[in-house]
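Q: model the following, please.
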Amino acid sequence: MRRYIRALLLCTVFAVFSGLYVYSKLFYSDVSVGGNGVRRVYIPPRDAGARRGSVDKTVPPNPRWYHHRYIMRQRSQMEAAGDGVRSRPQPPTMHLAVVACGERLEETLIMIKSAVLFSVGHLHLHIFAEDQLHANFMEALESWPSFVRCKYNYTIYSISFPSENAAEWKKLFKPCASQRLFLPLILKDVDSLIYVDSDILFLQPVDYLWAFLSQFDPSQLAAMSPEHEEPRIAWYSRFARHPFYGRTGINSGVMLMNMTRMRSTFFKNDMTSVGLRWEELLMPLLQKYKLNITWGDQDLLNIIFHYNAEFLLEFPCKWNYRPDHCIYGSNCASAEEDGVYILHGNRGVYHDNKQPAFRAVYEAIKMYSFGTDPVASLLQPLEEELLKTTHTYCGKFHTLFTQRLALSMANVNRKPPHGR
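A: Below you'll find the predicted structure:
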């Protein structure tokens, strides 16, 4: 009889301790949501300055309160993240490249500011600059508010040309401008890219320009706008001493590139009967035409696409609106219909008084402070300044400069998608 009593007591003790062990595990461990087997072990927080054995009287005495609060927070965060992924799929990153040499630091930063200000998707900025400008770019881009910085990341590169002809390429036209020709060979891991000159201002989200990539047919690998709309007053049709694209040539200040296709395509040319790859084509073209070209790398692009017109998609002049489109009267039909999408202040018009309407837009974006009301701080002051420019032809069409800008204000100060 005693043996049975002892056995019963042992079983009872074992059951009690087993129950206590299971009970402690239920409260002090948690299996992560999703069933992936990863365990989070709860460790009650302790004030770093408290002595061992002392009691923190601000902490509720029941540790279950901590544990349940921890579980609820973790689950709510994961559920919110899951909902964000399902309802807001993240678009691919847009790649934007620019080249800055000499006195182009501020102008380039204002261009980037306009791109970031209105963009909806995420941007990767590829900045090619002389070495002495690198620290200035980093300081400026890191100084912008966090809600702006989360919309982009960036890489800064030194200027680089093929070593055997570096000096000749660097001095071609404006300093470093021909760097754009070598982007497909430098950025080998980038599939597609928007290249812009430093004197570009986005008045419409970059996303809409990036969308042209989806309009490429299987043969197209680049997109640019015509140099002009009217051949009778266009530079190429009147003065060019080399082949050029179409009736009026193309302007390379805004250039969309599918660089994967550019790297793999053989281009027709007037130097050999066989096609040449991009890296094989550039130097022979320069050697042949360097005495006949005026606009440097843009002229070389015109020659290339003269012989390979099927590779190019044209987008309307509203995506690359220059003083040429208004200096003698309005010569951009797409801008008259929809407003200016991208402003191109070539010939230094942002920095002199020759085209005050262009300068007014530049100064308005320059003076705008991130986080302030875009209508009161940007649009309204700009409209007031533009009214002072109506004595010029471009100023007479000042509503074209603000038409798209007003619509783009919806994206200013927009919070990024959850999880960005």
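
Q: check whether residue 93 really touches residue 124, as I assumed.
A: Yes: if you go by C-beta atoms under 8 Å, residue 93 and residue 124 touch, sitting 5.1 Å apart. Where you see a C-beta, it was placed from the backbone N, CA and C, and this is true even at glycine.

Q: which stretches of the stretch 301-420 of the chain have low pLDDT?
A: 413-420 (pLDDT under 70).

Q: residue 394 against residue 326, yeah?
A: Yes: Residue 394 lies in contact with residue 326 (C-beta under 8 Å); the separation is 4.0 Å.

Q: joint contacts of the two?
A: Both residue 394 and residue 326 are in contact with residue 357, where contact means C-beta atoms under 8 Å, 6 or more residues apart in numbering.

Q: where does the chain have its least confident helix or strand?
A: Least confident helix or strand, the chain: strand 39-41 with a mean of 28, by mean pLDDT, DSSP states H and E.

Q: any regions of the chain where pLDDT drops low?
A: Those would be 1-91, 173, 175, 413-420, if you go by pLDDT under 70 across the chain.

Q: can you check which strand is longest in it?
A: Counting residues, the longest strand in the chain under DSSP state E turns out to be strand 250-258.

Q: following element in sequence after that strand, please.
A: Past strand 250-258, further along toward the C-terminus, the next helix or strand under DSSP states H and E is helix 259-264.

Q: list the residues that contact residue 199.
A: Residue 199 sits next to 107, 111, 253, 344-346, 348, 350 when contact means C-beta under 8 Å, 6+ apart.

Q: CSV for those residues, including distance to residue 188?
A: CSV is the format used below for the contacts of residue 199 (distance: C-beta to C-beta, whole Å):
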residue, distance to residue 188
107, 28
111, 25
253, 24
344, 29
345, 32
346, 30
348, 34
350, 34
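
Q: which of the residues you listed are buried?
A: Taking 16 or more other C-beta atoms under 10 Å as the criterion, what is buried in the contacts of residue 199 is 107, 111, 253, 344-346, 350.

Q: quick one: contacts for the closest residue to residue 250 other than its chain neighbours?
A: Nearest non-adjacent residue to residue 250, counting by C-beta to C-beta, 6 or more residues apart in numbering: residue 224, 4.4 Å away. Residue 224 is in contact with 250-252, 254-256, 301, 312, 314-315, 320, counting by C-beta under 8 Å, 6+ apart.

Q: which pair of those residues spans the longest distance?
A: Using C-beta to C-beta, the contacts of residue 224 span at most 14.9 Å, a distance reached by 301 and 315.

Q: of those two, which one has the most company?
A: residue 301 (24 against 19; other C-beta atoms under 10 Å).

Q: my read is the more buried one is in a helix, agree?
A: Yes: under DSSP: H, G, I helix; E, B strand; the rest coil, residue 301 falls within a helix.

Q: measure the spatially closest residue to it that is not a sequence neighbour to residue 132 for me?
A: Residue nearest to residue 301 in three dimensions, not counting chain neighbours: residue 252, with 5.2 Å by C-beta to C-beta, 6+ apart. Using C-beta to C-beta, to the nearest Å, one gets 26 Å for the distance from residue 252 to residue 132.

Q: which one of those two is surrounded by more residues?
A: Just comparing residue 252 and residue 132: by other C-beta under 10 Å the higher neighbour count belongs to residue 252, 26 against 8.

Q: so which other helices or strands are in contact with the helix or strand harbouring residue 334?
A: Using DSSP H and E, residue 334 sits in helix 333-338. The contact analysis (3 or more C-beta pairs under 8 Å, 6 or more residues apart in numbering; DSSP states H and E) places helix 333-338 against helix 399-408.

Q: the residue most central in space within the chain pairs with what?
A: When C-alpha atoms, centre = their mean is applied to the chain, the residue found nearest the centroid is residue 123 (2.8 Å). On the basis of DSSP bridges, residue 123 is bridged to residue 94, residue 152.

Q: make 49 the first number, not 1, from now on.
A: That works, and once the first residue is 49, the last one we named lands at residue 171.

Q: got a list of what it touches?
A: Residues near residue 171 by C-beta under 8 Å, 6+ apart: 141-144, 163-164, 199-201, 254.

Q: okay, it and residue 285: tell me how far apart.
A: Taken as C-beta to C-beta, the span from residue 171 to residue 285 is 36 Å.

Q: one more: residue 323?
A: Distance, residue 323 to residue 285, by C-beta to C-beta: 27 Å.

Q: more crowded one of the two?
A: Set side by side, residue 323 and residue 285 show more neighbours around residue 285, with 17 against 14, by other C-beta under 10 Å.

Q: residues near residue 418, how many?
A: Residues near residue 418, counting by other C-beta under 10 Å, number 16.
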